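# Have a look; sequence and predicted model below, questions after that.
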Amino acid sequence: MSVENQVIAIIAEQAVLEPQDVTLDSTLESLGIDSMGVVESIFAIEEAFNISVPFNANNPADSEFDISSVASIVASIKRLQAEQQG
Amino acid sequence: MKRVVITGAGTINALGHSVASTMAAMREGVCGIGALDFRDVARLSIQIGGQVRGFETAGRYNRQQISLYDRFTQFTLAAAKEAIEQSGLSFHGELSARSGVVLGTAGGGVSTWDDNYRAVYEEGKNRVHPFVVPKLMNNAAASHVSMEYNLKGPSFTVSTACASSNHAMAQAFALVRSGMAPAMVTGGSESMLCFGGVKAWEGLRVMSRDACRPFSANRNGMVQGEGAGVFVFEEYEHARKRGADILCEVAGFAMTSDASDIVMPSKAGAARAMAGALQDAGINPDEVGYINAHGTGTAANDKTECAAVADVFGPHADRLMISSTKSMHGHLIGGTGAVELLACIMALRDGVIAPTIGYEEPDPECALDVVPNEARDAKVNVVLSNAFAFGGMNAVVALRRLQ
């Protein structure tokens, strides 16, 4: 499965939606994922991709991991994969 | 109803091994937070905390005692010794039969759990020490205090996460106020600074990697501490008749439950607890000079707490002082309210308001007088101590200068 589809599956599960209802443009907020859901999603991403995600729930905007949309999450994962496994 | 006063105080925490050294550090704005030092710390992403340094068990406890005392019990007994010696009480006869111990802790013997899980899971051992259970149980500390000081009345442990100590002290206060107990030993302790304890907290993503900066716009989370605070709460006439040195009066308390979210704080729940404590104590909001904040340094707590203070106090919110000493000793979780009560006693007795250190940038959502970075001399007659726990359980204690 591609990174895109894996992230969509993780986010869809967290939002209690079908994967087809989640697009790359979706924001976590628009999908109804709250701060607890964000932290759980990050954990699921770390487990799925075997990476360590720098994320502090106190200031998500300042974290190096961009969670503003599904597409930005995918890009951040690809960057971390390159950094941490390259 | 009886009046209740505090006649003894004791502590051990990252700022000091006694009340005097802790208060001196609070006056000086000392930061007790530093690099954590314990097994496997390199595997943690959070490597700072308010760790107690230089605490030697040798000479303090014998071999048999050490085999029964988790670190949270060791801290409790050290603080209880200081508090009970200061009070001058010795428990015999009727006083012994009716006085007890109520202590708070969130985790109890966390390092005992951690060490023994490591032994059976990681090291593959199939045998553990016979005293693992009596060592790790949450009421171990209260039990050992009762045994050491002959306290045979109502004794139990309260566990409400970060509000444990305040809930415990509220129970002790209620027992003395109602006349059920002439004196109660109360407060709380915590010792979660071990690999498993910090690893669990890391998961929530609310811990800071560099500093605890309550109310500062650039705050980025909480920092854990460890230690204990223990007090002697005594019925006023009992204390007066024996000529005890009275530190201050415990005037009232309130407990509320948010009934909303397991981790996110609620402005309404916090406000109801503060307003309830004032009502219970018969105090007008404008009499309050200082609030020892819950002030964890997380984005959510600090703005919610400030909004709740503004709701309860109205225009007076801009005249009172509010500080978070967690910036110095870290968040002692179930023991935090007890150590923070020392800042309240210092404010009432010595007229010194402990600062919020690490304060760097004003936050419009925390626009109160947070006593930034330097202690302040000010005479205050009434203070509050806030504790708002995960699980939405809040406990606020009101203290008054004895008049």
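Yep, that arrived. Residues are numbered from 1 along each chain as shown, chains lettered A, B, ... in the order given.
# got the domain boundaries for chain B?
Split into domains by automatic domain parsing, chain B comes to B:4-241, B:252-400.
# Show me what from the stretch 1-150 of chain B comes close to chain A.
residue B:45 (C-beta under 8 Å from any C-beta of the partner chain). To be clear about C-beta, it is placed using only N, CA and C from the backbone, and glycine gets the same treatment.
# Show me the helices in the stretch 1-150 of chain B, by range?
B:19-28, B:63-66, B:71-87, B:93-98, B:110-117, B:132-136, B:140-149 (DSSP state H, counting those that start in this stretch).
# okay, these, which one's buried deepest?
The highest mean neighbour count among the helices of the stretch 1-150 of chain B, using mean count of other C-beta atoms under 10 Å in any protein chain shown, belongs to helix B:71-87: a mean of 25.
# helices and strands around that one, which ones?
Based on contacts counted as 3 or more C-beta pairs under 8 Å, 6 or more residues apart in numbering or on different chains; DSSP states H and E, the elements that helix B:71-87 packs against are strand B:4-13, helix B:140-149, strand B:183-190, strand B:227-235.
# Send me the last one as CSV with only the CA atoms.
Below are the C-alpha coordinates for strand B:227-235, written out as CSV (Å, rounded to 0.1, in the frame of the first residue of the first chain):
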residue,chain,number,x,y,z
GLY,B,227,8.9,14.2,46.3
ALA,B,228,6.5,14.6,49.2
GLY,B,229,4.8,17.3,51.3
VAL,B,230,3.3,16.4,54.6
PHE,B,231,1.4,18.5,57.2
VAL,B,232,-0.2,18.3,60.6
PHE,B,233,-3.8,19.6,60.5
GLU,B,234,-5.0,20.2,64.1
GLU,B,235,-8.2,21.4,65.7
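# what's that strand packed up against?
Packing partners of strand B:227-235 (3+ C-beta pairs under 8 Å, 6+ apart): strand B:4-13, helix B:71-87, helix B:164-177, strand B:183-190, helix B:336-350.
# most tightly surrounded among those?
Most buried of the helices and strands packed on strand B:227-235, by mean neighbour count (mean count of other C-beta under 10 Å): strand B:183-190, with a mean of 34.
# Quick one: mean pLDDT for that strand?
Averaged across strand B:183-190, the pLDDT comes to 98.
# now it, how far from the centre of its chain.
9 Å (C-alpha atoms, centre = their mean, to the nearest Å).
# and the angle from it to helix B:336-350?
If you take axes from the mean of the first three to the mean of the last three C-alpha atoms, to 10 degrees, strand B:183-190 sits at 120 degrees to helix B:336-350.
# Secondary structure element for residue B:252, which one?
In the assignment (DSSP states H and E), residue B:252 maps to strand B:248-257.
# hmm, I was thinking of residue A:6
Using DSSP H and E, residue A:6 maps to helix A:3-15.
# So for that helix, what gets flagged as buried?
For helix A:3-15, the buried set under the neighbour-count rule, 16 or more other C-beta atoms under 10 Å in any protein chain shown, comprises A:3, A:6-8, A:10-12, A:14-15.
# so can I have TSV of the helices and strands packed on strand B:227-235 showing distance to residue B:28?
Shown next, in TSV, are the helices and strands packed on strand B:227-235 (distance: least, C-beta to C-beta, whole Å):
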stretch	distance to residue B:28
strand B:4-13	15
helix B:71-87	20
helix B:164-177	24
strand B:183-190	23
helix B:336-350	12
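# out of the buried residues of helix A:3-15, who's nearest residue B:174?
Using C-beta to C-beta, residue A:14 comes nearest to residue B:174 of those, at 43.1 Å.
# For chain A, just list every one of the helices.
For chain A, the helices defined by DSSP state H cover A:3-15, A:35-49, A:70-85.
# And chain B, is the last one touching that?
Right, helix A:70-85. No - Helix A:70-85 lies out of reach of chain B by C-beta under 8 Å from any C-beta, never closer than 13.5 Å.
# what does the shortest one give?
No - no part of helix A:3-15 sits near chain B under the criterion C-beta under 8 Å from any C-beta; the closest distance found is 14.9 Å.
# For that helix, enumerate the helices and strands it packs against.
By 3+ C-beta pairs under 8 Å, 6+ apart, helix A:3-15 packs against helix A:35-49, helix A:70-85.
# What is the burial count for residue 1?
I'll assume chain A. 9 (other C-beta atoms under 10 Å in any protein chain shown).
# Actually, chain B is the one I wanted.
8.
# which residues does it contact?
B:177-179 (C-beta atoms under 8 Å, 6 or more residues apart in numbering or on different chains).
# Ok, residue B:77 next?
Going by C-beta under 8 Å, 6+ apart, residue B:77 touches B:61, B:69, B:141, B:144-145, B:148.
# Then residue B:386?
Listed by C-beta under 8 Å, 6+ apart, the contact partners of residue B:386 are B:166, B:270, B:273-274, B:291-295, B:305, B:394, B:396.
# In strands only, show me those residues.
Per DSSP state E, strands hold the following members of the contacts of residue B:386: B:291-292, B:394, B:396.
# Spatially nearest residue to residue 13 (excluding sequence neighbours)?
Reading this off chain A. residue A:44 (7.8 Å; C-beta to C-beta, 6 or more residues apart in numbering or on different chains).
# That was the other one, I meant chain B.
In space, and not counting its chain neighbours, residue B:13 is closest to residue B:227: 3.2 Å by C-beta to C-beta, 6+ apart.
# ok, now residue A:51?
Computed as C-beta to C-beta, 6+ apart, the closest residue to residue A:51 that is not its neighbour in sequence is residue A:80, at 4.6 Å.
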